[in-house]
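Engineer: Okay, sequence plus prediction incoming.
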Amino acid sequence: MATLYACDKCEYRTTRKSSYNKHMTSLKHKNRENNIGGFGCELCSKQYKYSSGLANHKKKCLISSTMEEQSKQIKNLCELLEKSVAQNAETLNKIIPNITNNIGKMTINVFLKDHCKDAMNFGDFVENIKYTLDDLYYTMDNGYERGISNVFVKSLTEMPASERPIYCSDKKRLQFYVKDDDEWGKDQDNINIKKGIDHITRKQISAIKTWEDANPGWDDNSELTDEYLCIVKTIMFNDDTSNEQIQKQIGSESEWPKDILLIN
């Protein structure tokens, strides 16, 4: 039988320890603990004397704030993609072959073209990633960075090494090689990796609707409403630092053999 975690002060019940721990640090709990007002909204801090008043307020406040955050997130993602495409075109036009690295590049290319010729294109790999409710719960419990990394790495490690579309050549400097348009090449400025992370982030956002469909009447259930709010907050609040941390975790799981330069 599942353990029930309860906060009598706030009339909160859950079988998920992670949800209970998040509740204990929430504004709602702290306000109750300090005898501030009666029932507080975590989003706008508005106080209500009765839980019924807070429940009615939450339906409007949560949906309004969530839709606004989703709209901003999608707009930012579109702007980032447009900027990345422009930067990629500019970078490619400025690339000048570095003669001093020709031997190393040839060796790497031999490895990729001969041993990884059956690898799928990176864009197809990202497009085919399936994002499930379990992945959504993992993100809620472990955070945005680990959530994205988990989905990416899990899909990557399920593939034979020779079919993987990405390899990290320098984990410290975050240098990657990816296969795109049936050609292997260095991912200049990690443009492909960043676009892949953005694409998976959009899949996370879409999964919120899947969660809603799997939990009908969630907006009338305080426990499910708190869970929904936790998911939205975890997914929405990320920045460039998060992107870099995800790249580091991907790099750790996509390194090629240490003796790669010895392969002819």
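Structural biologist: Here it is on my side, so go on.
Engineer: CA only for contacts and neighbour counts going forward, please
Structural biologist: Fine.
Engineer: tell me the secondary structure for M159?
Structural biologist: In terms of secondary structure, M159 is coil; the call rests on DSSP: H, G, I helix; E, B strand; the rest coil.
Engineer: my read: I246 touches S149, true?
Structural biologist: Yes - I246 lies in contact with S149 (C-alpha atoms under 8 Å); the separation is 5.6 Å.
Engineer: Relative to E163, how far out is D114?
Structural biologist: Using C-alpha to C-alpha, to the nearest Å, D114 is found at 12 Å from E163.
Engineer: Looking at those two, which is more packed in?
Structural biologist: Between D114 and E163, E163 has the larger neighbour count (other C-alpha atoms under 10 Å), namely 15 against 12.
Engineer: hang on, the more buried one packs against N121?
Structural biologist: No - with contacts defined as C-alpha under 8 Å, E163 does not count as touching N121, sitting 9.2 Å away.
Engineer: what residues does stretch 111-125 touch?
Structural biologist: For stretch 111-125, contacts defined as C-alpha atoms under 8 Å, 6 or more residues apart in numbering pick out 161-166, 178-182, 184, 192, 196, 260, 263-264.
Engineer: If any of those residues are buried, put those into a ChimeraX selection.
Structural biologist: In ChimeraX, this line selects whichever of the contacts of stretch 111-125 come out buried by 16 or more other C-alpha atoms under 10 Å:
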select :161,164,165,166,178,179,180,184,192,196
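Engineer: Next step: the contacts of stretch 111-125 restricted to strands.
Structural biologist: Among the contacts of stretch 111-125, DSSP state E puts 166, 178-180, 184 in strands.
Engineer: for these, which one is nearest A86?
Structural biologist: When those are ranked by distance to A86 (C-alpha to C-alpha), D180 comes first, at 17.3 Å.
Engineer: could you pull out the helices for this structure?
Structural biologist: For the chain, the helices defined by DSSP state H occupy 17-24, 27-33, 51-94, 102-110, 122-128, 133-142, 144-157, 191-214, 222-236, 240-253.
Engineer: Looking at the first one now, give me its mean pLDDT.
Structural biologist: Right, helix 17-24. Average pLDDT, helix 17-24: 83.
Engineer: So what's the gap between it and the chain middle?
Structural biologist: 21 Å (C-alpha atoms, centre = their mean, to the nearest Å).
Engineer: Any buried residues in it, and which?
Structural biologist: For helix 17-24, by 16+ other C-alpha under 10 Å, it's 19-20, 23.
Engineer: what does the second one give?
Structural biologist: Residues of helix 27-33 classed as buried by neighbour count (16+ other C-alpha under 10 Å): 27-29, 31.
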